[in-house]
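Asks: Give me a 3D structure for the following:
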Amino acid sequence: MRTICGFLLAVTTALPGSAQSTISGSWNGVFKIQERTSHFVLHVSGTSGNLSATADSPDECRYGMPVESITLNDQTLHFTVAKSNLEFTGTFSGGSISGMFQQREASVPLTLSRSAASSEAGNPVTSLDVCVAGTWKGLIAFPWGRLHIVLHVKGTNENLSATADSPDQNAYGDRVDRITVTGQELEFVMTKYGIDFTGKFEGGSISGMFLQYGVKVPLTMQRLDVIASPEEREWESRALEESAQKNDAVAQAYLEEPLKQLVKRIPELKGIRPAADHQAPAMILQRTGARVDEFFDNMVDLIANEDIRQERLGAFGVARGSKSVHDNYLVLRRGNGRGVDFEEFRMDEQGDRLEQVGATSGFLVTSGFALICMHFSRALQRDSRFLYLGDQRVGAGEAYVVAFAQMPGEATLKVALRGPRGSAVHMLTQGVAWIDRGSFQFLRMRTDLLAPQPEMGLEVQTTEVDFSEVRLQDVATPLWLPRSVRVYVKFGKSLDRPVEEAFKNVHHYTNYRRYRVSTRMAPLE
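Replies: Presented below is the predicted three-dimensional model:
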């Protein structure tokens with residue numbers, strides 16, 4: 001009897017382990033939500049107590065979705081795919097798993113059956129030409145530098161459309177003019193940027209030649225884990241926003257540093273005469289704020305000549321490539337009264353808007369300088385802390401020097417940067433302003449990030465603006481506008497950026513004038 005009891009006990013304890021070992025493999029099922037039929041594939045691997053899985057949604061060309069949690073207790077299987085708000089609980093019985101599939105508010109029955117091709121679980125795509133839609137990413141190795149490209153493809157093979165991103169240049173959503181698939185060969189063309197790519201599918205990648213303005217280099221693009229659905233974009237945006245908020249919340253603003261240390265950080269402060277009382281006098285903020293508000297009240301539609309020197313920097317700050325750009329810089333007023341807003345952009349000599357000056361050549365695009373003084377507007381001063389550092393000679397005049405830092409949880413005016421899939425991430429800034437002691441106009445201003453943003457790969461973003469007085473014939477009050485701007489941006493290593501990169505742009509503005517749109521009525525023929 002003891003032997004029999006011992007035998008029975010051994011059998012009983014072995015059953016759960018046996019179930020868990022045989023669940024490994026691929027499982028297929030079909031579910032229906034709101035009259036839409038969808039296929040679902042689960043790929044399970046591992047052993048008892050240490051299962052892992054990925055999931056596919058073939059109808060959406062979504063493969064390799066990570067399953068964050070999967071457990072098998074007795075005969076009950078439970079797994080979740082957090083990014084897709086997906087959850088399943090079912091009973092495992094031999095050749096099938098039956099249960100309830102839940103996605104957001106919808107809950108429907110789903111039975112998963114073991115796939116005959118379980119051995120191919122690691123490579124679920126058996127015919128790549130039937131599923132081109134998705135997100136593909138590659139690294140273009142130009143002779144002058146390397147740039148990532150992300151291709152977003154939608155539709156069926158007979159009717160494809162696509163957009164392309166260049167994350168290194170913060171450029172997203174550029175339209176692909178033509179994309180076609182013939183058998184195993186893919187071609188896409190972007191006429192605006194002189195781009196033509198032709199490649200062949202090889203497993204989970206597309207390999208071929210990338211041609212731009214006569215320069216031809218090899219390019220291999222890998223399919224990303226999943227297509228960035230609206231829900232996933234929202235998830236990513238929320239995660240990046242939360243990380244940015246946490247970074248800003250624990251940041252130590254440089255206005256808290258001793259002045260001697262701050263001068264080392266900001267060389268432009270050399271020669272400052274320290275203030276006896278570092279609390280920002282209410283008079284400086286009140287009168288400067290009045291000047292800023294006056295500036296926005298008197299601002300009109302403007303156009304200026306802009307010359308830009310764009311540089312990609314290598315080791316020790318040495319330029320690895322440069323580009324000169326000449327264009328027209330516009331600042332347009334939108335609305336009146338309390339609903340006023342301003343738009344800044346660039347235009348060529350033919351009057352066509354330039355969205356990404358230099359972006360296709362691997363340079364960083366920078367803009368938005370005319371309104372940098374907004375931090376001192378009386379309506380926005382509550383967003384920041386201010387510290388009167390002292391007085392300093394700037395050119396032929398004397399200036400108050402005031403540091404500021406936006407306050408986490410309070411600030412409403414933020415810098416925006418796009419994430420890897422185009423999600424906008426908002427960050428806080430700090431800076432120093434040199435304010436004319438007589439007119440309370442801005443002579444110079446510098447801004448920096450309040451905190452580095454490692455999740456975005458962004459380590460440094462510094463902007464320095466020199467202002468000058470501009471008098472317009474039909475505007476009573478002079479406007480103080482950017483004369484020259486220097487921007488330095490450094491990106492550290494990240495999953496999307498295998499090497500550190502830095503960029504420097506220098507802008508010069510001349511010949512500010514009123515911008516007026518004229519139209520001519522042509523007689524009807």
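Asks: quick one: the helices in the chain?
Replies: Ranges of helices within the chain are 2-22, 230-249, 259-265, 282-298, based on DSSP state H.
Asks: For the shortest one, name the packing helices and strands.
Replies: Put plainly, it is helix 259-265. Applying 3 or more C-beta pairs under 8 Å, 6 or more residues apart in numbering; DSSP states H and E, we find helix 259-265 packed against strand 384-394. Any C-beta I mention is one placed from the backbone N, CA and C, and that applies to glycine too.
Asks: quick one: the strand it packs on to helix 282-298, angle?
Replies: Relative orientation of strand 384-394 versus helix 282-298 (axes from the mean of the first three to the mean of the last three C-alpha atoms, to 10 degrees): 90 degrees.
Asks: So what's the gap between strand 384-394 and the chain middle?
Replies: 33 Å (C-alpha atoms, centre = their mean, to the nearest Å).
Asks: Do me a favour and average the pLDDT over it.
Replies: For strand 384-394, mean pLDDT rounds to 94.
Asks: just stretch 47-61 next, same as before
Replies: So the average pLDDT for stretch 47-61 ends up being 78.
Asks: just how off-centre is that stretch within its chain?
Replies: 28 Å.
Asks: lowest-pLDDT helix or strand in the protein?
Replies: Lowest mean confidence among the helices and strands of the chain (mean pLDDT, DSSP states H and E): helix 2-22, at a mean of 35.
Asks: Could you tell me the per-residue confidence at residue 127?
Replies: We have a pLDDT of 38 for residue 127.
Asks: Kindly report the same for residue 93.
Replies: Per-residue confidence (pLDDT) for residue 93: 82.
Asks: Quick check: it touching residue 76?
Replies: No - using C-beta atoms under 8 Å, residue 93 is not in contact with residue 76, being 10.7 Å away.
Asks: These two: which has the busier surroundings?
Replies: Per other C-beta atoms under 10 Å, whichever of residue 93 and residue 76 has more neighbours is residue 76, with 13 against 10.
Asks: For that one, name its beta-bridge partners.
Replies: residue 73, residue 91 (DSSP bridges).
Asks: Read off the pLDDT value for residue 329.
Replies: pLDDT, residue 329: 91.
Asks: and it, what is it in contact with?
Replies: Residues near residue 329 by C-beta atoms under 8 Å, 6 or more residues apart in numbering: 303, 304, 305, 306, 344, 346, 509.
Asks: what residues are up against the nearest residue to the last one once chain neighbours are set aside?
Replies: Same thing as residue 509. Residue nearest to residue 509 in three dimensions, not counting chain neighbours: residue 304, with 4.7 Å by C-beta to C-beta, 6 or more residues apart in numbering. Contacts for residue 304 (C-beta under 8 Å, 6+ apart) come out as 328, 329, 481, 509, 510, 511, 512, 513.
Asks: go with 7 Å
Replies: Contact analysis of residue 304 by C-beta atoms under 7 Å, 6 or more residues apart in numbering lists 329, 509, 510, 511, 512.
Asks: Ok, residue 259 next?
Replies: Counting by C-beta under 7 Å, 6+ apart, residue 259 has contacts 274, 389.
Asks: what do you get for the one 3 residues further on?
Replies: Under the criterion of C-beta under 7 Å, 6+ apart, the neighbours of residue 262 are 254, 269.
Asks: How confident was the prediction at it?
Replies: For residue 262, pLDDT reads 95.
Asks: Also residue 274?
Replies: For residue 274, the pLDDT comes out at 93.
Asks: For it, give its distance to residue 445.
Replies: 20 Å (C-beta to C-beta, to the nearest Å).
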